[in-house]
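Asker: model this:
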Amino acid sequence: MKQLSRATGRRKESVARVIIREGGGRRLVNVRTFREYFDRDGTTIHAEEPLRLCPSADRIDVIADVRGGGKSGQAGAVRMGLARALAAMDETLRKPLRDAGYLSRDPRMTERKKYGQPGARKRFQFSKR
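Answerer: Just a heads-up that it's a prediction; the model follows:
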C-alpha cells in the first residue's frame with residue numbers, strides 16, 4: 001500500500017496521528033473501525049466530516065492512532081488530523097477544508113484548578129463572621 005499522507009490533529013487533551021493510503025475505504029481508529037471505537041453516531045460523523053469534501057473518499061483508507069482525553073476530544077483530533085492529511089495529499093482541497101473550518105485548531109482547553117480552592121471556578125463558601 002502506498003502512503004499518501006500523514007498528519008497530526010489535536011483537540012483538548014487528545015492527540016491523533018492520522019495516515020491516509022490508497023485502498024478500499026477502510027476507516028480505523030486504534031485498530032478498530034470508526035463505528036466500534038466512537039460508540040455514539042455523533043462522534044463518528046464528527047470525525048468523518050472532512051471526507052465529505054473529498055471526491056475520492058471511497059478509495060482512501062484512514063488509519064488513526066489516538067491518545068489522551070475523552071471520545072469527543074478524540075473525534076475532534078481525528079477530524080483535524082484527517083483534514084490536514086487530505087490538504088497535504090491534494091492542495092485543491094485546502095480551500096474547501098479551510099472554509100469549512102476543519103483546518104483550524106479549537107483552542108478551548110480545560111481550565112486548571114487553583115490552589116486553595118475546590119475547583120477551577122468553584123470557591124469555598126464565604127463567611128462574613
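Asker: middle-most residue in this structure, spatially?
Answerer: Closest residue to the average C-alpha location of the chain: Ala77 at 1.9 Å, with C-alpha atoms, centre = their mean.
Asker: so where does it fall, helix or strand?
Answerer: Assigned by DSSP states H and E, Ala77 falls within helix 71-89.
Asker: for the residue nearest to the centre of the chain, give me its contacts.
Answerer: By C-beta atoms under 8 Å, 6 or more residues apart in numbering, the contact list for Ala77 reads Gly9, Arg10, Arg11, Lys12, Ser14, Val15, Ala16, Val66, Gly69. In short, each C-beta sits where N, CA and C put it, glycine included.
Asker: surely the third one meets Asp106?
Answerer: Yes: in terms of C-beta atoms under 8 Å, Arg11 counts as a neighbour of Asp106; the distance is 5.7 Å.
Asker: which residues in the chain form strands?
Answerer: Ranges of strands within the chain are 3-11, 14-22, 27-29, 32-33, 60-67, based on DSSP state E.
Asker: helices and strands around the shortest one, which ones?
Answerer: Contact analysis of strand 32-33 by 3 or more C-beta pairs under 8 Å, 6 or more residues apart in numbering; DSSP states H and E lists no helix or strand as a packing neighbour.
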